[in-house]
Every structure is written in C-alpha cells, then in structure tokens.
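Enquirer: A predicted structure for the sequence below; I have some questions about it.
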Amino acid sequence: MTYSHRRLVVNMGKSKLSASKKSSPRLSALLLDRRQRRSADIRERLFRAALKLFSEKGFAETTVEDITNAADVGKGTFFNYFPSKDHILIAFSEMQISKLQAAVDTMREHNQPIPDFLAALTVRMTEEPARAPDVVRAILQAYLSTTTVRSAMRENQARAHGLLTQVVQLGQERGDFRRDLPAGELAQVFRQTVFGTLLMWSLFGDASLPERIHTALQVLWKGLAPRDPGPQSPSASL
C-alpha cells in the first residue's frame, strides 16, 4: 500500500469517526424520545386501566395486580410510575387541574362572557368524573382517610382556587359578576357548588350529572331569593 493510499484510508477512518460523533447526540436524542414516549404510554395505560376498574369494581376492591393485568404490564412496573394505588387519585386531580389551566389560558384570548365560560368549563371538567363515579367517591374518601392524598389534594385545590379566582376577577372587571364580595369568595362558592353537586350525584352514579350541574349553576347565578316581590312569608318577619 502506497503512502498516499494509507493516508487516504486513515483520513476516511477519521471522517467516519467524526461523523459518528456528530450523529451520536442526535441518535441519543431519538432513543431518549422513544423511551419517553414508551414510558408515557405505559403510565397512561396504567392510569386508564385503574380508572376503568375503579368504576367497575370500586376503588377499595381494585388491587394493583388487577390494574397491571388490565394494562398488560408486570406487577412491579406499576411502582415505577405510581408509589401506591392512592396516587392514581392524585394523578386524576392533576389531570383536572391541567384541563382547568388550559381552559383559563384559552379564555384570556377570547371575549366570551364569564358565566358562559364557567358553564362550559363545568361541563368539560365533569366529563371524566361522569365516567367514573367511584373515583369521585374514592377522592372524597381519600380526603378523610389518606394523609398522602389529602396533602396533595390540598395543593391542587389551592391551585384550582387561584385559577378560578383569576376568572372571577376578570368577570368583575367586565361587569359579569357582583363586586361587593372578594373574587376569592365568589370562586369558592362556585367550587363548592360544583363539588357538592358531584358529591350528591356520586351516590347514584347515573346519567343525571349534566342536568344536576345545569340546575345548580342556574340557581347559583340567580340566587335563592324570589324573582318577584310578593307577600312576606311568616319566617321572613321573625
């Protein structure tokens, strides 16, 4: 092999090594992205399988093994994504908060009347619970019995309250809401109305949730006072 030939071979080797080094970060990024997608897919399968089982069997009766069997993964895989079965409830709450955040972000870009926005938001936020009434009951039970879930839920509830307070403040600025009460108090009444409706409905778990929500919001907007002045009731004079 001549000197020039040997030099050509060496240079080609260096070029291949250099090209390999340049493509390596890109390849690593692709592999990482693939692993992340696979990991996200497994977590979603576990989450959805759990919600389905909670609805069918009940939260207390559903085991981790039930969930992994339904998701078609090994039992140990569950704990790579959720520390316990209770953390499915936390994930459910976080999913609802994400929906709320996205809705509020979109609302800022439009001039939709705030009462209309809140009515549509309530429908959207109750779609998932409507499919799994036992999840609603489980969340309420976890509030009372599970310290881990209760602590995380308090944080999520604080986030939800902050977002809805911002919505009410905007409604007050636009003249959609009364201004004699702080926005935070009005937001709290709204949340209690929706949450209380969910609680009462979860005892039945039937198809009545949309109508219950609609009625509750109508009463909330209009109040309990009579619309037209009439004879004073005996209790009103006491």
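Expert: Great, that's in hand.

Enquirer: assign Phe59 to helix, strand or coil.
Expert: coil (DSSP: H, G, I helix; E, B strand; the rest coil).

Enquirer: which other helices and strands does the one helix or strand Asp116 maps to contact?
Expert: Assigned by DSSP states H and E, Asp116 falls within helix 114-125. Applying 3 or more CB pairs under 8 Å, 6 or more residues apart in numbering; DSSP states H and E, one finds that helix 114-125 makes contact with helix 86-107, helix 147-174, helix 183-202, helix 209-222. In this view, the C-beta of every residue, glycine as well, is placed from N, C-alpha and C.

Enquirer: next, the angle from that helix to helix 86-107.
Expert: Here helix 114-125 runs at an angle of 150 degrees relative to helix 86-107 (axes from the mean of the first three to the mean of the last three CA atoms, to 10 degrees).

Enquirer: residues in contact with the next helix or strand after helix 114-125: which ones?
Expert: Following helix 114-125 in sequence order, the next helix or strand is helix 127-131 (DSSP H and E). Residues from elsewhere that reach helix 127-131 (CB atoms under 8 Å, 6 or more residues apart in numbering): 51, 55, 92, 95-96, 135-136, 198, 202, 209-210.

Enquirer: need the residues you listed in TSV with distance to Gly171, can you?
Expert: Listed next are those as TSV, based on distance: CB to CB, whole Å:
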residue	distance to Gly171
Leu51	33
Ser55	34
Phe92	28
Met95	25
Gln96	21
Val135	30
Val136	27
Leu198	22
Ser202	28
Leu209	25
Pro210	23
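
Enquirer: domain assignment for the protein?
Expert: Domain assignment of the chain by automatic domain parsing yields the ranges 43-82, 86-222.

Enquirer: looking at these, spot the one closest to Gln36.
Expert: For Gln36, the closest of the domains of the chain is domain 43-82, at 10.6 Å, according to CB to CB.

Enquirer: what is the burial count for Pro210?
Expert: Residues contacting Pro210 under the criterion other CB atoms under 10 Å number 14.

Enquirer: right, and it touches Thr122 too?
Expert: No - if you go by CB atoms under 8 Å, Pro210 and Thr122 don't touch, sitting 9.5 Å apart.

Enquirer: from the contacts of helix 127-131, pick the one nearest Thr68.
Expert: Leu51 (14.3 Å).

Enquirer: nearest spatial neighbour of that closest one, skipping sequence neighbours?
Expert: Setting aside the residues directly before and after it, Leu51 is nearest to Ala132 in space (CB to CB, 6 or more residues apart in numbering), at 5.1 Å.

Enquirer: now the one you found: how far from Phe54?
Expert: In this structure, Ala132 and Phe54 are 6 Å apart, going by CB to CB, to the nearest Å.

Enquirer: these two: who's more crowded?
Expert: For Ala132 versus Phe54, the count of surrounding residues by other CB under 10 Å is larger for Phe54: 26 against 21.

Enquirer: make TSV from the domains of the chain and add mean pLDDT and distance to Asp33 to it.
Expert: Shown next, in TSV, are the domains of the chain (pLDDT from 0 to 100; distance: least, CB to CB, whole Å):
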stretch	mean pLDDT	distance to Asp33
domain 43-82	91	16
domain 86-222	87	21
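
Enquirer: tabulate these (JSON lines), appending distance to Arg35.
Expert: Formatted as JSON lines, the domains of the chain follow (distance: least, CB to CB, whole Å):
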{"stretch": "domain 43-82", "distance to Arg35": "12"}
{"stretch": "domain 86-222", "distance to Arg35": "20"}
